[in-house]
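>>> Predicted model and sequence follow; I will ask about them next.
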Amino acid sequence: MSKSLDVSELCVKGVVLDQPDLSVSETCLLPLVSVIVTNFNNQDYIEEAIKSVKRQTYPMVECIVVDDASTDRSRAVLLELQARQGGFRVILRVSNGGQTAAALEGLAESKGMFVHFLDGDDFVSPCFIETHVAVHLSLRRAAGFSCSDMGQVFRGQQIASGDSNIARFIASTGKKKALTRANANVEVLAALGLRSVPGDRIFEVPPWYKDWPWSATSAVLFRRNALDLFADACDAENIKRSMDAFFCRGINAVAGSVIVDMSLGGYRLHDTNTHNLRLPLDYTISFDRLKTIETTESILDCIIHHIVMKCDRFESIFWSKQSYFELLANITRLYPKRLVSPRVIAIRNFRRLARVFGVAQILFWLVGMHQVSDWFKRRVSTNSMVPLDG
């Protein structure tokens, strides 16, 4: 029987530690995974969401539930479940701040090297975390996050086995798979107690990919260091219901991601679900595009603003300064309606960027490397024709 453990009772190689010292990393062969359940008025679903976390086959799990000032019976359900079963922490927010604010508060209280945000009305299969961790430990390149498929559930009935965005992405990539360690890593995962995931089920999403190939928030496992690049964005808490769009777009543009072609959870459709108000039909949208709170453009604006404000951070993580400009290009190509250029961003933020990259580098970006090089060559050639004696 699988057992889900919280921070007060971690299992390391089959030995239960009553009061583990999480600062001693040598004792943890498996990485700790933090599951942050965000809840607002999901009294009918929140208990099943938490139970799905407690049923995980992966042993190193901490669960934090953040209630975003619910007005229904959610808090009573949470406190009753905690008293009866335990195994998770509860954070009760005083005022409602939206999905992202609740998730970030939970993130600040968590300790895991990997982080999973679970919506309070969704649930995950028992092997969700184990599968995602196995994928991350199998990759030759450390992707920023992994995303699996999710079945869609309506009134307790599964009405779809997966997400059409993932299906289209896999169909369009052909034979392009993520680089895994193949057979050599099977033994390593087995020694850690993890089951390997076939390499033909893992697909790479490169940083420059333009469309939306992922499922929903509850289907994603983030690397914590990838989240840390964007978690302190000053505008992040203004994104009330599209947290996945902010983090997935931003992190993928930096480090890429992977799709896991397995359905490992359930996404509920109900009348208060902003992005799935209607039952799914291919080639149609299930939300009201006239009533969405955040547009794609506003989320991308938030990402660009953060990348510019923290330009020193992003400059320091790349091999070359040119990679920062390529990061801006990866984001600007995502705008669906208006034309946004990295050069325009550089002009608008010239002084701030110049303090980090230098004026010469910004000019290279604005004018173009070849044009600037030709200009220098002409100056050198002209100066060489001037007699030294004047």
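Good, I have the coordinates.

>>> starting at the chain centroid, how far to stretch 223-234?
9 Å (Cα atoms, centre = their mean, to the nearest Å).

>>> tell me which residues of that stretch are tucked away?
By 16 or more other Cβ atoms under 10 Å, the buried positions in stretch 223-234 come out as Arg223, Arg224, Ala226, Leu227, Leu229, Phe230, Ala231, Ala233. Backbone N, C-alpha and C define where each C-beta goes, glycine included.

>>> what does stretch 332-341 give?
Within stretch 332-341, the residues scored as buried using 16+ other Cβ under 10 Å are Thr332, Leu334, Tyr335, Val340.

>>> So which residues make contact with that stretch?
Under the criterion Cβ atoms under 8 Å, 6 or more residues apart in numbering, residues Trp208, Lys210, Arg249, Thr296, Glu297, Leu300, Ile304, Pro342, Ile345 lie in contact with stretch 332-341.

>>> First-to-last residue distance for that stretch?
In stretch 332-341, first residue to last residue: 6 Å (Cα to Cα, to the nearest Å).

>>> I'd like the mean pLDDT over that stretch, please.
Per-residue pLDDT over stretch 332-341 has a mean of 82.

>>> cool, stretch 162-182 as well?
79.

>>> contacts for that stretch?
Counting by Cβ under 8 Å, 6+ apart, 138-141, 143, 147, 149-152, 188, 199-200, 202-205, 211-216, 219, 258-259, 261, 263, 267, 280, 282 sit against stretch 162-182.

>>> Apply 7 Å and report the result again.
Contacts to stretch 162-182, defined as Cβ atoms under 7 Å, 6 or more residues apart in numbering, come from residues 138-141, 149-151, 199-200, 202-204, 212-215, 258-259, 261, 263, 282.

>>> what about dumping the CA coordinates of it to PDB?
Taking C-alpha atoms only, stretch 162-182 is exported to PDB below (Å, rounded to 0.1, in the frame of the first residue of the first chain):
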ATOM      1  CA  GLY A 162      -6.900  14.100 -22.600                       C
ATOM      2  CA  ASP A 163      -6.200  17.700 -23.700                       C
ATOM      3  CA  SER A 164      -6.400  18.700 -27.400                       C
ATOM      4  CA  ASN A 165      -3.400  21.100 -27.000                       C
ATOM      5  CA  ILE A 166      -1.100  18.200 -26.100                       C
ATOM      6  CA  ALA A 167      -2.600  16.000 -28.800                       C
ATOM      7  CA  ARG A 168      -1.900  18.500 -31.500                       C
ATOM      8  CA  PHE A 169       1.600  19.200 -30.200                       C
ATOM      9  CA  ILE A 170       2.500  15.500 -30.200                       C
ATOM     10  CA  ALA A 171       1.000  15.100 -33.700                       C
ATOM     11  CA  SER A 172       3.000  18.100 -35.000                       C
ATOM     12  CA  THR A 173       6.400  17.100 -33.600                       C
ATOM     13  CA  GLY A 174       6.600  13.800 -35.400                       C
ATOM     14  CA  LYS A 175       9.500  11.800 -34.100                       C
ATOM     15  CA  LYS A 176      11.100  14.600 -32.100                       C
ATOM     16  CA  LYS A 177      11.500  13.200 -28.500                       C
ATOM     17  CA  ALA A 178      13.200  14.500 -25.500                       C
ATOM     18  CA  LEU A 179      16.700  13.300 -24.800                       C
ATOM     19  CA  THR A 180      16.600  10.700 -22.000                       C
ATOM     20  CA  ARG A 181      19.300   8.500 -20.600                       C
ATOM     21  CA  ALA A 182      17.700   5.400 -22.000                       C
END
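
>>> Buried residues, it. List them.
Gly162, Asp163, Asn165, Ile166, Phe169, Ile170, Lys177, Ala178, Thr180.

>>> Can you tell me which of those residues end up in helices?
Asn165, Ile166, Phe169, Ile170 (DSSP state H).

>>> which one of those residues sits closest to Ser320?
Phe169 (29.1 Å; Cβ to Cβ).

>>> And stretch 302-319, what's buried?
For stretch 302-319, a neighbour-count test (16+ other Cβ under 10 Å) marks Cys302, Ile303, Ile304, His306, Ile307, Val308, Lys310, Cys311, Phe314, Glu315 as buried.

>>> gap between the fourth one and Asp72?
Right, His306. Counting by Cβ to Cβ, to the nearest Å, the gap from His306 to Asp72 is 34 Å.

>>> Over to Leu189?
42 Å.

>>> How about Arg195?
According to Cβ to Cβ, Arg195 and Asp72 sit 39 Å apart.

>>> next one: His270
From His270 to Asp72 the distance is 13 Å (Cβ to Cβ).

>>> One more: Leu32?
When distance is defined by Cβ to Cβ, Leu32 is 32 Å away from Asp72.

>>> try Asn225
Asn225 is 36 Å from Asp72, by Cβ to Cβ.
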